[in-house]
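[1] how would this look folded up:
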Amino acid sequence: MRHAATPLVETSDEVGLRSAFLLYGGEMLGFARKSLFASGLAEDAVQETFARAWRSRDRFDPSLGSLRTWLFAIERRVILDIIDKQAKIATEKLADGAEPVSAEGLEAAMVSWQVESALKRLHSGHREVIVELYFNGRSGAEVASLLGIPEGTVRSRAFYALSSLRVLLDEEGWER
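    Numbers count the residues shown, from 1 in each chain. Model prediction:
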């Protein structure tokens with residue numbers, strides 16, 4: 001969902017930054033906590049995200065996407081930087097040769113979070129069909145029987161749900 005105002009860019013003072021933080025800071029903190037599994041690191045990630053956004057605010061182009069999408073793209077890079085830094089620290093401390101969590105593993109976790117977030121925003125009937133088809137591995141006929149709806153309705157809901165998911169994931173900063 002686009003917000004009418006892009007506060008970070010419209011003003012060159014602290015008010016714009018504060019407005020952007022109030023609009024998106026809580027959601028961004030939740031994303032960082034799920035990605036980093038540490039509140040302190042998550043708070044650092046959000047702070048660094050807004051610092052980078054402020055320094056590069058002249059590069060924001062609302063014709064390419066919403067302010068929210070732009071901020072999440074920056075946050076994603078910040079989180080990956082933090083993960084890389086933590087992995088290097090952990091590697092230096094490893095004495096037994098064990099491998100730290102890879103950036104690719106965390107990237108997969110972040111994608112999973114984006115999909116989960118987008119699924120929560122779907123209409124409940126569409127979400128039910130997607131979960132049953134793609135996550136529970138049921139056939140269209142099985143889903144129809146389970147939900148008590150015609151199989152054609154299952155296909156229709158799946159089509160519209162996937163179309164909506166594509167839009168929602170684009171808003172989340174999904175990179176194909």
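[2] for the residue nearest the centre of the chain, phi and psi?
    By Cα atoms, centre = their mean, the chain has its centre lying nearest to residue 114, at 3.7 Å. Dihedral pair for residue 114: phi -60, psi -40, per degrees, to the nearest 10.
[3] hmm, it is touching residue 165, no?
    No: applying Cβ atoms under 8 Å as the test, residue 114 and residue 165 come out as separate, 10.3 Å apart. For the C-beta atoms, the positions are set from N, CA and C on the backbone; glycine is no exception.
[4] pull the contacting residues for residue 78.
    Going by Cβ atoms under 8 Å, 6 or more residues apart in numbering, residue 78 touches 45, 48, 49, 52.
[5] for it, helix, strand, or coil?
    helix (DSSP: H, G, I helix; E, B strand; the rest coil).
[6] ditto for residue 138
    Here residue 138 is recorded as coil under three-state DSSP.
[7] so it touches residue 146, yeah?
    Yes: Residue 138 sits in contact with residue 146 when judged by Cβ under 8 Å, with a separation of 6.9 Å.
[8] which of these two has more neighbours?
    A side-by-side neighbour count of residue 138 and residue 146, using other Cβ atoms under 10 Å, places residue 138 first with 18 against 14.
[9] quick one, what contacts that one?
    Applying Cβ under 8 Å, 6+ apart to residue 138 gives the contacts 132, 146.
[10] residue 67 contacts residue 50, correct?
    No: taking contacts as Cβ under 8 Å, residue 67 lies outside contact range of residue 50: 11.6 Å.
[11] now do the shared contacts for the two.
    residue 20.
[12] hang on, the earlier thing: switch the contacts of residue 78 over to CSV; also include pLDDT, neighbour count and distance to residue 155.
    Shown next, in CSV, are these (pLDDT from 0 to 100; neighbours: other Cβ atoms under 10 Å; distance: Cβ to Cβ, whole Å):
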residue, pLDDT, neighbour count, distance to residue 155
45, 93, 27, 41
48, 94, 18, 45
49, 94, 26, 40
52, 93, 16, 44
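[13] what is the nearest of the residues you listed to residue 159?
    Checking the contacts of residue 78 against residue 159 by Cβ to Cβ gives residue 49 as the nearest, at 35.4 Å.
[14] could you list the buried residues of the strand or helix carrying the closest one?
    In the assignment (DSSP states H and E), residue 49 maps to helix 39-55. Buried residues in helix 39-55, counted by 16 or more other Cβ atoms under 10 Å: 41, 42, 45, 46, 48, 49, 50, 52, 53.
[15] out of those, which is nearest to residue 33?
    Nearest member of the buried residues of helix 39-55 to residue 33, counting by Cβ to Cβ, is residue 42, at 4.2 Å.
[16] ok, the closest residue to that closest one other than its chain neighbours - how many residues close by?
    In space, and not counting its chain neighbours, residue 42 is closest to residue 32: 3.6 Å by Cβ to Cβ, 6 or more residues apart in numbering. Residue 32 has 26 neighbouring residues, counting by other Cβ under 10 Å.
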